[in-house]
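1. Sequence first, predicted model second:
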Amino acid sequence: MATHVDEFEKLEADHGTVDHGYESWKRAKIELGLRQARDRSSMIPVEQVR
């Protein structure tokens, strides 16, 4: 019978601990994206995206 392996254990060498610097960077990036999504006037029109 196969044992269950957590996804983070597959990816992280130190068995699941995630770097706090990465977590704060990720949160800041998401918050920036949410702020930008509120102001749609600054977005590039889809016709100009290639």
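-> Perfect, thanks for sending it.
2. pLDDT-wise, which helix or strand of this structure ranks last?
-> Sorting the helices and strands of the chain by mean pLDDT, DSSP states H and E puts helix 7-11 at the bottom, at a mean of 58.
3. That one: what's the following helix or strand?
-> Per DSSP states H and E, the first helix or strand lying C-terminal to helix 7-11 is helix 20-38.
4. what comes into contact with that next one?
-> Residues outside helix 20-38 that contact it (CB atoms under 8 Å, 6 or more residues apart in numbering): 42-43. All C-beta atoms are positioned from the backbone trio N, CA, C, and that covers glycine.
5. heads up, I number from 825, so please use that
-> Sounds good: first residue 825 from here, last item helix 844-862.
6. So which bits of that helix are buried?
-> Using 16 or more other CB atoms under 10 Å as the burial criterion, none of the residues of helix 844-862 qualify.
7. repeat for stretch 864-874
-> For stretch 864-874, burial by neighbour count (16+ other CB under 10 Å) applies to no residue.
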